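Colleague: here's my sequence, what's the structure:
(one chain, ligands or ions: 2)
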Amino acid sequence: MTDVFSAPGRFYRGNLHTHSTRSDGALDPGEVCRRYRDEGYDFMALTDHFIGLYKFPITDTRKFRAPGFTTILGAELHTGRQSNGDLWHILAVGLPEAFTPPEAPHFYPVEGSESAADLAQRARDAGAFVAIAHPQWSGLTLDDARTIDAAHAVETYNHGCWAGCDRPDGFAINDLLLSEGRRINLVATDDAHFTEPDHFGGWVMVKAVENDPEALVEALKSGLSYSSQGPEIRRVELTGKAVEVECSAAASVIVQGHGQAAKAVHGLSMTRASVPLDRLARSPWLRVTVVDRAGRRAWSNPLWR
Ligand SMILES: [Zn+2]
Ligand SMILES: [Zn+2]
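Modeller: Ligands and ions are numbered 1, 2, ... in the order given. Alright, predicted model coming up:
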């Protein structure tokens, strides 16, 4: 796997999950794009709810592109039924405008509708970067998550689910999938509706040679990204006995792995840390969390050994 920190190009900051008045968001697509652009984002994906109630929107945001700011077409897809009886939510970034709708008239499951696994696969086949949306908010089980073979990533932090119901987490399911050997990456998103303080709180930093929708989607699929609420990660390198991390000023640098394995290094305004492997040495995968003094986090994708 290519190391994101030594890969060519630069990091572009983007939000992959956003809603507008084309579904249940408060702001029209142009104003949503303007706010992200003026907040200094390099790109965003408008991902309105792809259901019949909203006429299956894949909003054309191309006219809101500007120098230094691009948009990716996408949607939040719905179909089937999770094991708790609720409708599936799947994030698809990089969809064609002509993507065929599933039988999803509203926010309720329809008996006999396409499975979430099949819909996710169709989205992937159509070129999209696919993520399992907000697992904790959904009440998703590990069995549910396992079925989505087409997912490139788990949405491990959802800022709207943090703001609105204190259920932002996807790391629990993400780490269990990793421990089963599933090569899956992670993304932080806003899921902004602008109906509450649900915006500018979680984003991806994508390494690409240009700020171009196709290049960004390809980089995401290749795992050339990390996720953040504020801190920067500048290097992650595995040596024989430690994980070497360079980052913006941090209070804690933590490495997680299989099962109970984790190790933290704490300090004052650390811009580098050497985290000893200790019991992480036996884990087939590792990932890094950087925490700043305000408690904001950045998360690497998993490293495989
Ligand atoms: Zn959702
Ligand atoms: Zn959403």
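Colleague: what residues does this protein have near ligand 1?
Modeller: 89, 133 (C-beta under 5 Å from the ion). (Each C-beta comes from the backbone N, C-alpha and C, glycine too.)
Colleague: which stretches of the chain form helices?
Modeller: For the chain, helices defined by DSSP state H occupy the ranges 29-38, 116-125, 135-138, 142-146, 159-165, 171-179, 213-221.
Colleague: tell me which of the ones you listed lies nearest to ligand 2.
Modeller: For the helices of the chain, distance to ligand 2 was read as C-beta to the ion. The smallest value, 6.8 Å, belongs to helix 159-165.
Colleague: make TSV out of the helices of the chain and add mean neighbour count.
Modeller: Converted to TSV, the helices of the chain look like this (neighbours: other C-beta atoms under 10 Å):
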stretch	mean neighbour count
helix 29-38	19
helix 116-125	21
helix 135-138	23
helix 142-146	15
helix 159-165	20
helix 171-179	20
helix 213-221	21
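Colleague: grab the nearest non-local neighbour of the residue nearest to the spatial centre of the chain.
Modeller: Central residue check for the chain by C-alpha atoms, centre = their mean: the C-alpha nearest the mean position is that of residue 187, 2.2 Å away. In this structure, residue 187 finds its nearest non-sequential neighbour in residue 153, 4.9 Å apart by C-beta to C-beta, 6 or more residues apart in numbering.
Colleague: bridged to the one you found, which residues?
Modeller: As for beta bridges, residue 153 partners with residue 131, residue 185 under DSSP bridges.
Colleague: would you confirm that it contacts residue 133?
Modeller: No - between residue 153 and residue 133 no contact is recorded; they are 10.1 Å apart, counting by C-beta atoms under 8 Å.
Colleague: residue 194 is in contact with residue 26, correct?
Modeller: Yes - contact between residue 26 and residue 194 holds when scored by C-beta under 8 Å: they sit 4.3 Å apart.
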